[in-house]
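J.: With the sequence up front, the predicted model follows.
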Amino acid sequence: MALSLCVLSLLFLFDGVHGYSSGPPDNVCVSMAPSTIAAPNGHGAAPQTGPSPFNVTHNVENGTAYTGQRYQIEITSSASSSFKGFMCQVRNISDNTDTKAWGEFEDFPTPKAKNLACTSPKGAVVHNNPTAVNSLRATWTAPSTVADSTFQLYCTVVQERVTYWVKLEATSDPFRLVAAPTTPVATTEAPTTGNVTRTTGDATPTTPIQATPKSGSTSNVACTLLVIMTLLFCMLRI
């Protein structure tokens, strides 16, 4: 009996440590907060409330995210700090009752990260092992439908089991979600350069120009008539 209890205790302890090291359970999707109960099932301490050595950012520009577009999120730390665990979601901050995770996370450059099914199969990104790192990047894809709300990125970051910060808000600006712009249709009309004269209505008819006889031809005709008249006059005198 004593041996059986010992084995069960060891299995329970291993399961608790494994659950912490390989990512949080899906029952923390709403709160994004680790359990404060004692180890091995919890962190055994309340979250930190003071300044954090970690910085959470995203690259959504001008406060506008477009549906279906991809954006980069990042957790960074000071040179002397590292973190072992994390959990990130994008939340609707216009409605405090909205606890959904918006969009999807993907393209993790290291085995440190994996998805957690919060609202959707890829609604959150969490740690996959307890390796300490100084930074973490991932890609967030905005939802495919427009929502008339303001959104922000939040991350819970665990430095050590008893030292963690819950829902650190990104230092990047909150953003709206709008429809992605469509590509303008190219016009087929060639641009006009310079001055163009357009003719409207019927063309004005031109008056035919009469040919003007050459002065040389007129003189020849007069001379011929004069010669003929002179010959006739001479014949009549004879």
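T.: Good, I have the coordinates. Residues are numbered from 1 along each chain as shown.

J.: longest strand in the chain, by residue count?
T.: Among the elements of the chain assigned as strand by DSSP state E, the one spanning the most residues is strand 147-160.

J.: Check which helices and strands that strand sits against.
T.: With contacts taken as 3 or more Cβ pairs under 8 Å, 6 or more residues apart in numbering; DSSP states H and E, strand 147-160 sits against strand 54-58, strand 70-77, strand 85-92, strand 163-169, strand 175-178. Where you see a C-beta, it was placed from the backbone N, CA and C, and this is true even at glycine.

J.: and of the ones you listed, who's closest to residue 25?
T.: For those, distance to residue 25 was read as Cβ to Cβ. The smallest value, 10.6 Å, belongs to strand 85-92.

J.: Can I get that closest one in CSV? Just the C-alpha atoms.
T.: Provided in CSV are the C-alpha atoms of strand 85-92 (Å, rounded to 0.1, in the frame of the first residue of the first chain):
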residue,chain,number,x,y,z
GLY,A,85,6.3,30.9,-19.9
PHE,A,86,3.8,33.1,-21.7
MET,A,87,0.3,33.3,-23.2
CYS,A,88,-0.9,35.9,-25.7
GLN,A,89,-4.3,36.9,-27.1
VAL,A,90,-5.9,39.7,-28.9
ARG,A,91,-8.9,41.0,-27.0
ASN,A,92,-11.8,43.4,-27.7
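
J.: follow-up on the earlier one: identify each buried residue in the longest strand of the chain, please.
T.: For strand 147-160, the neighbour count (16 or more other Cβ atoms under 10 Å) marks 147, 150-159 as buried.

J.: Run through the residues that contact residue 99.
T.: The contact partners of residue 99, taken as Cβ atoms under 8 Å, 6 or more residues apart in numbering, are 29-30, 91.

J.: Pretty sure it sits in a helix.
T.: No - secondary structure assignment places residue 99 outside any helix; it is coil (DSSP: H, G, I helix; E, B strand; the rest coil).

J.: Check it and give its pLDDT.
T.: At residue 99, the pLDDT value in this model is 95.

J.: where are the low-confidence patches of the protein?
T.: Low-confidence segments of the chain, defined by pLDDT under 70: 1-20, 39-41, 183-227, 230-238.

J.: redo that, cut-off 80
T.: For the chain, the stretches flagged by pLDDT under 80 are 1-21, 37-42, 79, 183-238.

J.: so residue 73 sits right up against residue 57, yeah?
T.: Yes - contact criterion Cβ atoms under 8 Å: residue 73 and residue 57 qualify, at 7.1 Å.

J.: which one of those two has more residues nearby?
T.: For the pair residue 73 and residue 57, the greater number of neighbours falls to residue 73 (22 against 16), based on other Cβ atoms under 10 Å.

J.: quick revisit: now the helices and strands packed on strand 147-160 as JSON lines including distance to residue 141?
T.: Formatted as JSON lines, the entries for these read as follows, by distance: least, Cβ to Cβ, whole Å:
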{"stretch": "strand 54-58", "distance to residue 141": "12"}
{"stretch": "strand 70-77", "distance to residue 141": "5"}
{"stretch": "strand 85-92", "distance to residue 141": "10"}
{"stretch": "strand 163-169", "distance to residue 141": "21"}
{"stretch": "strand 175-178", "distance to residue 141": "12"}
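
J.: what's the most buried one of those strands?
T.: Mean neighbour counts were compared across the helices and strands packed on strand 147-160 using mean count of other Cβ atoms under 10 Å; the top stretch is strand 85-92, at a mean of 25.

J.: what's the helix or strand following that one in contact with?
T.: Under the assignment DSSP states H and E, the closest C-terminal helix or strand after strand 85-92 is strand 104-106. Here strand 104-106 makes contact (Cβ under 8 Å, 6+ apart) with 73, 88, 115, 120-125, 138-141.
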